[in-house]
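Trainee: Provided below for reference: sequence and predicted model.
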Amino acid sequence: NAGVTQTPKFQVLKTGQSMTLQCAQDMNHNSMYWYRQDPGMGLRLIYYSASEGTTDKGEVPNGYNVSRLNKREFSLRLESAAPSQTSVYFCASRIQKSYNSPLHFGNGTRLTVT
Amino acid sequence: DAKTTQPNSMESNEEEPVHLPCNHSTISGTDYIHWYRQLPSQGPEYVIHGLTSNVNNRMASLAIAEDRKSSTLILHRATLRDAAVYYCILYSGNTGKLIFGQGTTLQVKP
């Protein structure tokens, strides 16, 4: 089992460019999440998908869109990147139906927007 | 969303117990208390969780106050590998969201 896989690991964009961060999990989890982490800060929730076919905004959704492609995959899109979106992006998944299930995180995508 | 308050940083000596506090005075009756930690340059990893009763696992213990307005993560014998940022999080089954706070940076001295 690979767990939660994020691609790419590193990316540099110019202001105004677009890109999609990919996330896939092989644990048959229902819920998936996208967080961002700025230097020296905690994680902030961007979007989440409680189950296949649903998505909801988190704390900081502006400038992002998401797609829950299927149960395994949850992508995050930046339509027009801005320097303020320079951050480390983490994808996570869990079994929604159980209160006892922990979040499983990927290793992150380090994005720099110049 | 109910929020948590943690000290910004704590220090401990190696092989001594560490008590990491968390205040969550606005916790609701259905909120579970989760703890995660984040090692440098890695994604967070799950440590422990609980609802009302104290909990133990191989990594740590979780002590929950009787009124549930605070909790304490206990590392029984700190090692250098326990140096990390520890996050106390309230999970609301109603919304499905897990909101991370600032966390506590734990330094372990040899």
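Mentor: Cool, the structure landed.

Trainee: starting at the chain centroid, how far to stretch B:71-80?
Mentor: Here stretch B:71-80 is found 10 Å from its chain centre; the criterion is C-alpha atoms, centre = their mean, to the nearest Å.

Trainee: Okay, buried residues for it please.
Mentor: B:71, B:72, B:73, B:75, B:78 (16 or more other C-beta atoms under 10 Å in any protein chain shown). (C-beta placed from N, C-alpha, C; glycine too.)

Trainee: and if you look at stretch A:13-29?
Mentor: A:13, A:19, A:21, A:22, A:23, A:24, A:25, A:29.

Trainee: I'd assumed residue A:29 was in contact with residue A:51.
Mentor: No - counting by C-beta atoms under 8 Å, residue A:29 is not a contact partner of residue A:51; they are 9.9 Å apart.

Trainee: Pick the one among the buried residues of stretch B:71-80 closest to chain A.
Mentor: The nearest member of those to chain A, counting by C-beta to the nearest C-beta, is residue B:73 at 14.4 Å.

Trainee: which one is that closest one nearest to, not counting chain neighbours?
Mentor: Spatial nearest neighbour of residue B:73, chain neighbours left out: residue B:20 (4.3 Å); criterion: C-beta to C-beta, 6 or more residues apart in numbering or on different chains.

Trainee: give the contact list for the one you found.
Mentor: B:6, B:10, B:72, B:73, B:74, B:75, B:86, B:88, B:104, B:106 (C-beta atoms under 8 Å, 6 or more residues apart in numbering or on different chains).

Trainee: Residue A:94: which of these is nearest?
Mentor: residue B:88 (17.3 Å; C-beta to C-beta).

Trainee: Can you get me a residue count around the closest residue to that closest one other than its chain neighbours?
Mentor: Excluding its sequence neighbours, the residue lying closest to residue B:88 (C-beta to C-beta, 6+ apart) is residue B:22, at 3.4 Å. Residue B:22 has 25 neighbours, counted by other C-beta atoms under 10 Å in any protein chain shown.

Trainee: Quick check: beta-bridge partners of residue B:22?
Mentor: residue B:71 (DSSP bridges).

Trainee: in the chain, which spans are strands?
Mentor: Just going to use chain A. The residue ranges that make up the strands of chain A, judged by DSSP state E, are A:4-7, A:10-13, A:19-25, A:31-37, A:43-49, A:56-57, A:65-68, A:74-78, A:87-94, A:104-105, A:109-113.

Trainee: wrong one, I was asking about chain B
Mentor: Counting by DSSP E, chain B has strands at residues B:9-13, B:18-23, B:31-38, B:45-50, B:55-56, B:61-64, B:70-75, B:84-92, B:104-109.

Trainee: among these, which is nearest residue A:110?
Mentor: Closest among the strands of chain B, using C-beta to C-beta: strand B:31-38, at 14.6 Å.

Trainee: Which neighbouring elements make contact with the helix or strand of chain B with the lowest mean pLDDT?
Mentor: Using mean pLDDT, DSSP states H and E, strand B:84-92 stands out as the lowest-scoring helix or strand of chain B, at a mean of 90. The helices and strands touching strand B:84-92, judged by 3 or more C-beta pairs under 8 Å, 6 or more residues apart in numbering or on different chains; DSSP states H and E, are strand B:18-23, strand B:31-38, strand B:70-75, strand B:104-109.

Trainee: Since that was my last question, I'll sign off now.
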